[in-house]
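**Q** here is my input; please provide its structure:
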Amino acid sequence: MSEHLTVVDHPLVQHKLTLMRDKGTSTAGFRRLLREITQLLAYEITREMPLTSTPIETPMEEMDAPILAGKKLALVSILRAGNGMLDGVLELIPSARVGFVGMYRDEETLKPVQYYFKAPEGLQDRLVIAVDPMLATGNSSAAAVDLLKEAGANNIRFLCLLAAPEGVQRMKEAHPDVPIVTASLDRELNESGYIMPGLGDAGDRMFGTK
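**A** Presented below is the predicted three-dimensional model:
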């Protein structure tokens, strides 16, 4: 993947995103839609995974058939909202290894504070996909990618539901080697650092908290 930002404009992605934006959508509906839309986005972000071949027998004959090459993919959730995206990717790639980065945004400074980090071993040999529904200021995302790089990751992609121009720019400056795949590049951040028009707080909507 060479482009820094890929907006997936598939009709099913856009349809499901509209339902997620609607404030009338229930918590259960929001969670289901997030899982479904993540699967569709994951299809795009894994498009260039390397393949090798393996000998198999079909009911008709022997053949060399394509199969994923190398170590299992690592999926890293940026807590807590990233957890809502894990299931969607794991349904597609059940063998993926899973890690977690705990970040919260200091409401005064809008800067990220780390409280947890646990990643699979051998990151240097894996495709690493970091997931977080919202790329807002980009500060937490950039800090999470910093941690992954420090842990050895060198092939990282970032998967999000919505991105703000400010967050995309921040990530491009901090990590120009990390492609971003999203369902929408929204208009802007408001003064509180929320994406506009956005969909509110993804974590609150997913977990039914305020």
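**Q** pull the contacting residues for the residue lying closest to residue 29 once chain neighbours are set aside.
**A** Nearest residue to residue 29 in three dimensions, chain neighbours excluded: residue 19, at 7.3 Å (CB to CB, 6 or more residues apart in numbering). The way it works is simple: take the backbone N, C-alpha and C, and place the C-beta from them, glycine included. Each residue near residue 19 by CB atoms under 8 Å, 6 or more residues apart in numbering is listed here: 25, 29, 33.
**Q** the second one: what secondary structure?
**A** In the three-state summary, residue 29 is assigned as helix, counting by DSSP: H, G, I helix; E, B strand; the rest coil.
**Q** same question, the first one
**A** Here residue 25 is coil, with the state taken from three-state DSSP.
**Q** what's the distance between it and residue 179?
**A** Residue 25 sits 29 Å away from residue 179, going by CB to CB, to the nearest Å.
**Q** again, but for residue 112
**A** Counting by CB to CB, the gap from residue 112 to residue 179 is 21 Å.
**Q** repeat for residue 143
**A** 18 Å.
**Q** which element is residue 75 on?
**A** Element membership for residue 75 (DSSP states H and E) is strand 74-79.
**Q** so how far is the next helix or strand after that strand from its chain's centroid?
**A** Beyond strand 74-79 in the direction of the C-terminus, DSSP H and E gives the next helix or strand as helix 83-92. From the chain centre to the centre of helix 83-92 is a distance of 9 Å (CA atoms, centre = their mean, to the nearest Å).
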